[in-house]
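Colleague: let me see the structure of the following:
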Amino acid sequence: MVARVTMMTAVLLTALLVQTVVVPTFDVLGWRADVVTLTVVGLALADGPPTGIRYGFAAGLASDLLSGATQLVGLSALVLLTVGYAAGLARRYLGSTPLGGQFLVAGAASALSLGLHGVLGILLDAQQSSGGAILQGMLVVGLYNLVLSPLVLLPLGTLARRFPGNPAAGASATPSYHGRPPRA
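Modeller: Below you'll find the predicted structure:
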């Protein structure tokens, strides 16, 4: 378990470093890829909703604290734990060959993350943005992360298998429905 936490901490620190140092040099229409969200989605898809919630909260809080006083602390934590939960739930619907589906989930979750962040920022009066700008950002960041998702999701899947969670807690237990959703 200590090795797993160490691995997740290293992934988060690496994602934060890449997000703040490398990604700003590659923007499209003023929007940047969101590597931290990709790591949340990758670990949630590998392990399920509980890991997505825990890692999403930690990643969001670290992102908020790293950003300084430019935004509301806790907003990214709320958004990323929601995205981690949703991506973890989507895992069960990906079927037996989930690779393409995982990439699509990563793009959609990235767009959802930016949209939730933008709408909550407006509602909480934490940012001045228009609905059109949020929609443009959702489209650009969603497509950008869709393209980058193989570079993040594949290594994270390997790391999650190399450092498994606690199967008794259901964190990395293999679903019993063999790729199909359970019947109600």
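Colleague: going forward, measure contacts and count neighbours with C-alpha atoms only.
Modeller: Will do.
Colleague: following the chain onward from the helix or strand containing Val79, which element is next?
Modeller: Per DSSP states H and E, Val79 falls inside helix 75-90. Following helix 75-90 in sequence order, the next helix or strand is helix 99-123 (DSSP H and E).
Colleague: centre of the chain to that following helix, how far?
Modeller: Averaging C-alpha positions (Cα atoms, centre = their mean, to the nearest Å) puts helix 99-123 8 Å from its chain's average.
Colleague: follow-up on the earlier one: contact partners of the helix holding Val79?
Modeller: Helix 75-90 has contacts (Cα atoms under 8 Å, 6 or more residues apart in numbering) with 37, 40-41, 44-61, 63-64, 105-106, 109, 112-113, 116-117, 120-121.
Colleague: rerun that using 7 Å as the cut-off
Modeller: With Cα atoms under 7 Å, 6 or more residues apart in numbering as the test, helix 75-90 has contacts from 37, 40-41, 44-45, 48-49, 52-54, 56-61, 63-64, 105, 109, 113, 116-117.
Colleague: next: stretch 104-121.
Modeller: For stretch 104-121, the external contacting residues (Cα under 7 Å, 6+ apart) are 37-38, 41, 76, 79-80, 83, 87, 127, 134, 138-139, 141-143, 145-146, 149.
Colleague: so Val41 sits in a strand?
Modeller: No: checked against DSSP: H, G, I helix; E, B strand; the rest coil, Val41 lies outside a strand; its state is helix.
Colleague: that one and Ser67: what is the separation?
Modeller: Using Cα to Cα, to the nearest Å, Val41 is found at 21 Å from Ser67.
Colleague: these two: which has the busier surroundings?
Modeller: Val41 (38 against 13; other Cα atoms under 10 Å).
Colleague: only the buried subset of the contacts of helix 75-90, as a ChimeraX command please.
Modeller: Buried subset of the contacts of helix 75-90, written as a ChimeraX selection, criterion 16 or more other Cα atoms under 10 Å:
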select :37,40,41,44,45,48,49,52,53,54,56,57,58,59,60,61,63,64,105,109,113,116,117
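Colleague: okay but Gly52 is in contact with Thr39, surely?
Modeller: No: contact between Gly52 and Thr39 fails when scored by Cα atoms under 7 Å: they sit 9.5 Å apart.
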